[in-house]
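[1] heads up, no residue letters with this:
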């Protein structure tokens with residue numbers, strides 16, 4: 001048997017049966033929605049007659065400043081139904097459904113940050129994102145995090161340590177106090193600096 005015949009035999013005998021093992025090629029069910037990004041994420045849900053799939057459409061536009069939708073698609077229904085998620089007020093233009101996962105009878109639906117869903121704190125830029133926990137009936141039970149953190153009032157902490165070993169003479173100690181006073185005086189009065 002030459003190399004080409006051996007390769008063909010191997011391809012037909014071994015690879016063909018393993019292709020599409022989880023896809024019903026005889027009676028496929030196709031769900032279609034006119035939603036941007038529909039099908040980017042998919043997870044199964046339910047059992048028996050109630051089974052179906054949750055489908056994310058993270059690019060779909062909704063109301064003002066709303067982006068991303070989740071759909072519940074069941075074999076027994078011809079059309080998918082939108083799963084309503086109560087979004088926090090500051091969840092603006094975040095792609096809902098960019099990430100979906102199922103665990104036992106619960107589902108985690110997460111938003112993915114987009115380029116305009118950022119928060120700037122001083123020189124740092126943070127991406128804003130939320131996740132929502134759904135129960136087996138696809139009702140929202142929890143949100144992570146409860147709220148996005150606020151920018152810290154103090155952007156930096158500076159600590160000056162003077163040891164108490166007694167190795168510093170009185171003159172040197174006074175020099176250190178003068179140095180610390182000079183450093184503190186260089187911060188503007190409007191900044192959140194305070195000695196303690």
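    Yes, it's here. Since we're looking at a predicted model, the values are computed, not measured.

[2] where does this protein have low pLDDT?
    Within the chain, the stretches with pLDDT under 70 are 1-24, 113-117, 154-158, 160-163, 188-196.

[3] again, only this time at 50
    3-20 (pLDDT under 50).

[4] what's the longest helix in this structure?
    Across the chain, the longest stretch assigned as helix under DSSP state H is helix 170-185.

[5] Residue 44 and residue 102 touch, don't they?
    Yes: taking Cβ atoms under 8 Å as the contact criterion, residue 44 and residue 102 are neighbours in contact, 6.6 Å apart. For glycine as for every other residue, the C-beta is placed from the backbone atoms N, C-alpha and C.

[6] Please say which of these two ends up with more neighbours.
    When residue 44 and residue 102 are compared for neighbours, residue 102 comes out ahead with 14 against 10, by other Cβ atoms under 10 Å.

[7] name the element the more buried one belongs to?
    If you go by DSSP states H and E, residue 102 is part of strand 95-103.

[8] how many neighbours does residue 86 have?
    By the criterion of other Cβ under 10 Å, residue 86 has 8 neighbours.

[9] For it, which non-adjacent residue is spatially closest?
    Sequence neighbours aside, residue 140 is the residue nearest to residue 86 in space, at 5.8 Å (criterion: Cβ to Cβ, 6 or more residues apart in numbering).

[10] what residues are up against the one you found?
    With contact taken as Cβ atoms under 8 Å, 6 or more residues apart in numbering, residue 140 is in contact with 85-86, 132-134.

[11] try 10 Å
    Contacts for residue 140 (Cβ atoms under 10 Å, 6 or more residues apart in numbering) come out as 83-87, 107, 109, 132-134.

[12] Can you say which of the residues you listed are buried?
    For those, a burial check counting by 16 or more other Cβ atoms under 10 Å picks out 83, 85, 87, 107, 109, 132, 134.

[13] Any chance of TSV for these, columns secondary structure and distance to residue 175?
    Below are the buried ones among the contacts of residue 140 laid out as TSV (DSSP: H, G, I helix; E, B strand; the rest coil; distance: Cβ to Cβ, whole Å):
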residue	secondary structure	distance to residue 175
83	strand	68
85	coil	62
87	coil	58
107	strand	64
109	strand	61
132	strand	59
134	strand	64
